[in-house]
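In: dropping a prediction and its sequence here:
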Amino acid sequence: MDDNCIFCKIIAGELEGSFVYEGDHVVAFMDINQPNHYKVLVCTRRHIPMIYEINDEEAAEVMQVSRRIAQAIQRITDCPGMSVFQNNGAIAYQDVFHFHLHLLPRYEGDDRRHRNVEAREVLDRLAADLRTVLEASY
Ligand SMILES: [Zn+2]
């Protein structure tokens, strides 16, 4: 755990997070920044800044969970497409240095600059919806 990392604090339960998945090596939760509802962050439990530091078990779980969550998001939202991206580190002008993938449903006419900051109750409800569909897929 990195004491300065907001994601490590969310994973440790020191900060609030609306969890979608909690596995052996990977967790997934919703961020307060929701350009579209059901944006999910999939991250390793370990504080690993860059993808080349992930081990095989972590890599496998990141991709398997991301695929299942993406399918659950698509089923709930019927979105025509989804962005999956990784953008970590100071070189990418980020202030969170903990490896994570973004899963973001996309629609016609999306404004990429638009950011909705959602209330925790909204995120908890969306995360519960997603968990229900996700758990049914296992
Ligand atoms: Zn961290």
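Out: Structure's in. What do you need?
In: stretch 41-59 close to the ion?
Out: Yes - on the criterion Cβ under 5 Å from the ion, stretch 41-59 is in touch with the ion at His47. Where you see a C-beta, it was placed from the backbone N, CA and C, and this is true even at glycine.
In: from now on call the first residue 30
Out: All right, first residue 30 from here; so that's stretch 70-88.
In: avg pLDDT for that stretch?
Out: The pLDDT scores in stretch 70-88 average 95.
In: can you name every helix or strand that the strand ranked longest in the chain contacts?
Out: With secondary structure taken from DSSP state E, the chain has its longest strand at strand 129-135. On a contact count with 3 or more Cβ pairs under 8 Å, 6 or more residues apart in numbering; DSSP states H and E, strand 129-135 meets strand 69-73, helix 85-106, strand 110-114.
In: tell me which of those sits most buried.
Out: strand 69-73 (a mean of 24; mean count of other Cβ atoms under 10 Å).
In: what pairs with that one, parallel or antiparallel?
Out: In the sheet, strand 69-73 lines up against strand 55-59 (antiparallel), strand 129-135 (antiparallel) (DSSP bridges).
In: what's the longest strand of the chain in contact with?
Out: By Cβ atoms under 8 Å, 6 or more residues apart in numbering, the surrounding residues in contact with strand 129-135 are 36, 64-73, 91, 95, 98-99, 102-103, 106, 108-117.
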